[in-house]
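> Got a sequence here, can you model it:
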Amino acid sequence: MRRLNILIWHIHGSYLNVLSRVNHNWFLPIKPDRGPGYGGRPTNHDVLPNMREVPAEQVRDLDLDLVIFQTPKNYHEDQHEILSEAQRRLPQIYLEHNTPRPHPTDTQHPVDDPRVLLVHVTHFNNLMWDNGRTPTVVIEHSVAIDPEARYDGRRAQGIALINGMQGRPRIAGLDLFLQAREQVALTCAGMQTEALGGYGDVPYRDLHRLAAEHRFLFSPMRYTSLPLAVIEGMHIGMPIVALATTEVPAAVRDGEMGYVSCDTAYLVEGMRHLLNDQDAARRMGARARAVARERFGIERFARDWNAAFARVLS
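Below is the predicted model of the structure:
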């Protein structure tokens, strides 16, 4: 397909990092205060030069092909503030990163418009949101991590990669992480994890080399689309220990690529096995990596996005 000019707001830095690998011209609106959605290029990721910043007041002068929203504010407020009337008539996509809240099954999506294509990042999300009249498609995640980051597992310790667990303790499974840490060797990395004795906010370009030294990746997330940390760990070749919630059971096979269950005692026993048997951990991690390369690879991700663009442009 021809190279497109696409406007998107900065909402999810890791996702923008991957999206810049899809070969189009991406424009990020910025404001002097770099407020929510207007922060421009992520500073903690190695996004490509085809993702460019443009002052918000100059957006209406861009020759755009389509617009991608990611938050209700983008859709209901920002487009009316910074887009021209002609730009607001362009093809539109709403990229939904999140599971429905407050209710998991009865929450109406904030966009109810048959002219917009609603992109969900997991089949679970597509199933659970009340999408109304809006047509939907699922484009599963990919990740853009250092290809040299490969599983080592020499540290007999697990690691959880989660930002801001304290600010969303039940959803992020802070209680489950702390309970497991009392029973097995376990640490964490991500924003604010230094308060928990973890590594803190490690730059993305360095994070996966650090994670790869640990024996397994633990995801205590109770309710999220599909933790990017799980996909990142799989790409590295790490065995995964995770709750069997949302999309995780469809991505990680219990007993083959790690341990997946809602029984936390079972998960802790799985952690002990991985800590005591490094060869088993390597075998499980290798299976996880093979699945990740096929299901969550950049090439598949780019094909899916280009198909979505062709759909809205037609």
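> Show the low-confidence segments of the chain, by residue range.
Along the chain, no part satisfies pLDDT under 70.
> care to break it down by domain?
Domain segmentation of the chain under automatic domain parsing yields 5-142+297-313, 155-295.
> Would you mind putting those domains into a markdown table with distance to A149 and mean neighbour count alongside?
Glycine gets a C-beta too; all of them are placed from N, C-alpha and C. What follows is the domains of the chain, written out as a markdown table (distance: least, CB to CB, whole Å; neighbours: other CB atoms under 10 Å):
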| stretch | distance to A149 | mean neighbour count |
| --- | --- | --- |
| domain 5-142+297-313 | 13 | 17 |
| domain 155-295 | 4 | 20 |
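> For E148, which of these is the nearest?
If you check each of these against E148 by CB to CB, domain 155-295 wins as the nearest, at 7.5 Å.
> Centre of the chain to that closest one, how far?
How far domain 155-295 lies from its chain's middle: 15 Å, per CA atoms, centre = their mean, to the nearest Å.
> End to end on it, go ahead and measure it.
Taking CA to CA, to the nearest Å as the measure, domain 155-295 stretches 28 Å from start to finish.
> sec struct for A156, please.
Going by DSSP: H, G, I helix; E, B strand; the rest coil, the secondary structure assigned to A156 is strand.
> Kindly confirm my reading that R205 forms part of a helix.
Yes: per three-state DSSP, R205 lies within a helix segment.
> pretty sure it is touching A144, no?
No: the pair R205 / A144 is not scored as a contact, 10.1 Å apart, by CB atoms under 8 Å.
> Mutual contacts of the two, please.
By CB atoms under 8 Å, 6 or more residues apart in numbering, R205 and A144 have these common neighbours: H45, D46.
> In the chain, where's the longest helix?
Ranked by number of residues, the top helix in the chain under DSSP state H is helix 278-295.
> Other residues contacting the very next helix or strand once past that helix?
Next in sequence after helix 278-295, counting helices and strands by DSSP states H and E, comes helix 298-313. Helix 298-313 is contacted by residues 1, 4, 6, 18-19, 21-24, 65-66, 91-93, 117, 119, 137, 139-142, 144, 294 when judged by CB under 8 Å, 6+ apart.
> Quick one: work out the angle between helix 298-313 and helix 278-295.
Orientation check (axes from the mean of the first three to the mean of the last three CA atoms, to 10 degrees): helix 298-313 against helix 278-295 gives 30 degrees.
> Using PDB, list the CA coordinates for helix 298-313.
Taking Å, rounded to 0.1, in the frame of the first residue of the first chain, the C-alpha atoms of helix 298-313 are listed here in PDB:
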ATOM      1  CA  ILE A 298       6.400  -7.300  13.700                       C
ATOM      2  CA  GLU A 299       5.600  -8.600  10.200                       C
ATOM      3  CA  ARG A 300       2.200  -9.900  11.200                       C
ATOM      4  CA  PHE A 301       1.500  -6.700  13.200                       C
ATOM      5  CA  ALA A 302       2.300  -4.600  10.100                       C
ATOM      6  CA  ARG A 303       0.100  -6.700   7.800                       C
ATOM      7  CA  ASP A 304      -2.800  -6.400  10.200                       C
ATOM      8  CA  TRP A 305      -2.500  -2.600  10.500                       C
ATOM      9  CA  ASN A 306      -2.200  -2.200   6.700                       C
ATOM     10  CA  ALA A 307      -5.300  -4.300   6.200                       C
ATOM     11  CA  ALA A 308      -7.100  -2.000   8.700                       C
ATOM     12  CA  PHE A 309      -5.900   1.100   6.800                       C
ATOM     13  CA  ALA A 310      -7.100  -0.400   3.500                       C
ATOM     14  CA  ARG A 311     -10.500  -1.100   5.000                       C
ATOM     15  CA  VAL A 312     -11.100   2.400   6.300                       C
ATOM     16  CA  LEU A 313      -9.700   4.100   3.200                       C
END
